[in-house]
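Engineer: pasting the structure only:
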């Protein structure tokens, strides 16, 4: 697995596009979409733009197809260091229906996306200003290159107001001429710039230090509180279970006696332990994926746009399935599970099956609308093949490897000693509601960064702050673990021995806060509209919430499990 990850990094690492002097520079057309609805994207030639007679589709990677790229050859021709002043590509009279389409492009500020070799460029295809609709008919390509290495550095495409045509009049016949020009600019850079000048980007120097400092402060205070509880309470009070020592503090002694009374019930096997173990294993796998993705992002792996990002995600998810199998089986056997084969199946399907279901339903709608986001049949088969042939076998292998884990003695003794109906938990509904507070602090820390992430995913920004994202992620993990320990202790003090699923909810509730933010972003920040965009947005955002819920839920559960086990392990009498 390590060799494959290294190979993946080597194949996608930042480099240069070496092109010999006077060699042709390929400019491919890709897709167009309304500025407010980027998921509602169409093939460029599905709209009445000039199309060459011999236009051909360009071979694309699995990641490019997953990101909705549909590249085709174009009229735009240029050679390295050869300036093109102004070259006509076509001119004709357009029909009323075609002009109506152009007006819609201008009214909704459609954005086009091209590729100069592998560099993404884009701009508006039409726009409205003061009630007047303008269609862009002339494009200016600017290409930066290094003369010594004869390599491309970056590129952009510009539009000029004085060469845009007023198409507001619906009764007028229009003869339109489309053209382009190309400028070459020398650069001292020796490697391809990670992003491009055709899109706005977020660079890692735009850090949000105030949010980071506040997050570190909250994390430190919670860590200190969890440390005090673990050392002072767990090591002292509970270890006195069979000794009967009093501290002299009535509040502490009362808490101590309550926790002592739960020494059997606290390790009763939880309901749906199979699902709990599978969710924990899947969450640990997803956590590892985020860490690896941040590392690769910081190293510049995703320089060629979103295609490499999707490719990397698919490969890493497939290869890390063994981790999910190991963790899930170890947790399941640790708490006394007997149906290991069923546990492995749950683990392999818990996240992929909901994701595939949502993606398939959305894909059917995209096919009907002829959107570029509709995945080709071959791509769907390939993804399912990777899941069936790589992910599931690795999950099974991990489960078998960890299958020798023995049931914990404390859990075995508790389930053997407790007879009859367990005691009634006071205010259990209140306890469940209180458990939801666990995800509040991590969500607060991530609030600022969520705007940038959502704008990159659902807008026209390119996210580059991977190092900063990793810092936020580590802060959220620490806050989740510490808050879960504190909340679990509160459950035990209130005689709530059903802490297993509640501890998972401490971190898993992050999904609810993320969902609430997604609703706020959609209506207050994005400007999105229409059923198509709403379907894509809420469908895939729901899967992102499930992703976050499993990830942070597994962290909070494992933290609470370690805390509770450590606390009562001290009370064992040899």
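Structural biologist: Looks like it came in fine. The model shown is predicted, which means the values in this text are computed figures rather than measured ones.
Engineer: So for the longest strand seen in the chain, what gets flagged as buried?
Structural biologist: Identified as the longest strand of the chain according to DSSP state E is strand 174-186. Buried residues in strand 174-186, counted by 16 or more other C-beta atoms under 10 Å: 174, 176, 178, 179, 180, 181, 182, 184. From N, CA and C alone the C-beta is placed, and that goes for glycine too.
Engineer: and the helix or strand containing residue 542, which residues are buried?
Structural biologist: When elements are assigned from DSSP states H and E, residue 542 belongs to helix 531-569. Within helix 531-569, the residues that qualify as buried are 532-533, 535-537, 539-561, 563-565, 567-568, counting by 16+ other C-beta under 10 Å.
Engineer: next one: stretch 158-171
Structural biologist: Neighbour-count burial for stretch 158-171 flags 159, 164, 165, 167 (criterion: 16+ other C-beta under 10 Å).
Engineer: quick one: strands adjacent to the longest strand of the chain?
Structural biologist: Using DSSP bridges, strand 174-186 pairs in its sheet with strand 84-94 (antiparallel), strand 138-146 (parallel).
Engineer: Pipe those strands into CSV and attach distance to residue 63 and mean neighbour count per row.
Structural biologist: Shown next, in CSV, are those (distance: least, C-beta to C-beta, whole Å; neighbours: other C-beta atoms under 10 Å):
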stretch, distance to residue 63, mean neighbour count
strand 84-94, 30, 13
strand 138-146, 24, 21
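Engineer: Identify whichever of the ones you listed lies nearest to residue 65.
Structural biologist: Relative to residue 65, the nearest member of the strands paired with strand 174-186 by C-beta to C-beta is strand 138-146, separated by 25.3 Å.
Engineer: so for the closest one, what's the average pLDDT?
Structural biologist: Across strand 138-146, the average pLDDT comes to 91.
Engineer: Same question for stretch 495-505.
Structural biologist: In this model, stretch 495-505 has a mean pLDDT of 87.
Engineer: and what of stretch 428-435?
Structural biologist: Mean pLDDT, stretch 428-435: 78.
Engineer: Check which residues of that stretch are buried.
Structural biologist: 431, 434, 435.
Engineer: And stretch 40-58, by the same measure?
Structural biologist: For stretch 40-58, a neighbour-count test (16+ other C-beta under 10 Å) marks 40, 41, 42, 43, 44, 45, 47, 48, 49, 50, 51 as buried.
Engineer: Verify the contact between the second one and residue 372 for me.
Structural biologist: Translated: residue 41. Yes: contact criterion C-beta atoms under 8 Å: residue 41 and residue 372 qualify, at 4.7 Å.
Engineer: okay, and the common contacts of these two?
Structural biologist: Contact criterion C-beta atoms under 8 Å, 6 or more residues apart in numbering; residues bridging residue 41 and residue 372 by contacting each: 31, 68.
Engineer: Can you give the contact residues for the longest strand of the chain?
Structural biologist: Strand 174-186 is contacted by residues 49-50, 75-76, 78, 80-94, 99, 135, 137-147, 165, 167 when judged by C-beta under 8 Å, 6+ apart.
Engineer: average pLDDT for it?
Structural biologist: For strand 174-186, mean pLDDT is 93.
Engineer: cool, and stretch 79-92?
Structural biologist: Regarding stretch 79-92, the rounded mean pLDDT is 89.
Engineer: Kindly reformat the buried residues of stretch 40-58 as JSON lines and extend each row with secondary structure.
Structural biologist: JSON lines is the format used below for those (DSSP: H, G, I helix; E, B strand; the rest coil):
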{"residue": "40", "secondary structure": "coil"}
{"residue": "41", "secondary structure": "coil"}
{"residue": "42", "secondary structure": "strand"}
{"residue": "43", "secondary structure": "strand"}
{"residue": "44", "secondary structure": "helix"}
{"residue": "45", "secondary structure": "helix"}
{"residue": "47", "secondary structure": "coil"}
{"residue": "48", "secondary structure": "coil"}
{"residue": "49", "secondary structure": "coil"}
{"residue": "50", "secondary structure": "coil"}
{"residue": "51", "secondary structure": "coil"}
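Engineer: how about low-confidence regions in the stretch 101-250 of the chain?
Structural biologist: Low-confidence segments of the stretch 101-250 of the chain (pLDDT under 70): 190-216, 218-219, 222-223, 225-250.
Engineer: now with 50?
Structural biologist: Residue ranges of the stretch 101-250 of the chain with pLDDT under 50: 194-198, 201-207, 236-250.
Engineer: In it, what residue spans correspond to strands?
Structural biologist: Using DSSP state E, counting those that start in this stretch, the strands of the stretch 101-250 of the chain run over 110-116, 119-124, 126-129, 132-136, 138-146, 151-159, 164-166, 174-186, 200-202.
Engineer: So which of the ones you listed is nearest residue 309?
Structural biologist: Smallest distance to residue 309 across these (C-beta to C-beta): 12.2 Å, for strand 119-124.
Engineer: Paired strands for that closest one, with orientation please.
Structural biologist: Here, using DSSP bridges, strand 119-124 pairs with strand 110-116 (antiparallel).
Engineer: Residue 458 is in contact with residue 38, correct?
Structural biologist: Yes: at 6.5 Å, residue 38 and residue 458 qualify as touching, with contact defined as C-beta under 8 Å.
Engineer: Let me see the ranges of the strands in the stretch 301-450 of the chain.
Structural biologist: Taking DSSP E, counting those that start in this stretch as the criterion, the stretch 301-450 of the chain contains no strands.
Engineer: what's the burial count for residue 495?
Structural biologist: Counted with other C-beta atoms under 10 Å, the neighbours of residue 495 add up to 17.
Engineer: can you count the residues close to residue 188?
Structural biologist: If you count neighbours by other C-beta under 10 Å, residue 188 ends up with 9.
Engineer: next one: residue 310
Structural biologist: By other C-beta under 10 Å, the residues close to residue 310 number 20.
Engineer: which residues touch it?
Structural biologist: Residue 310 makes contact with 62, 63, 64, 66, 67 under the criterion C-beta under 8 Å, 6+ apart.
Engineer: How much space separates the third one from residue 400?
Structural biologist: Put plainly, it is residue 64. Taking C-beta to C-beta, to the nearest Å as the measure, residue 64 falls 36 Å from residue 400.
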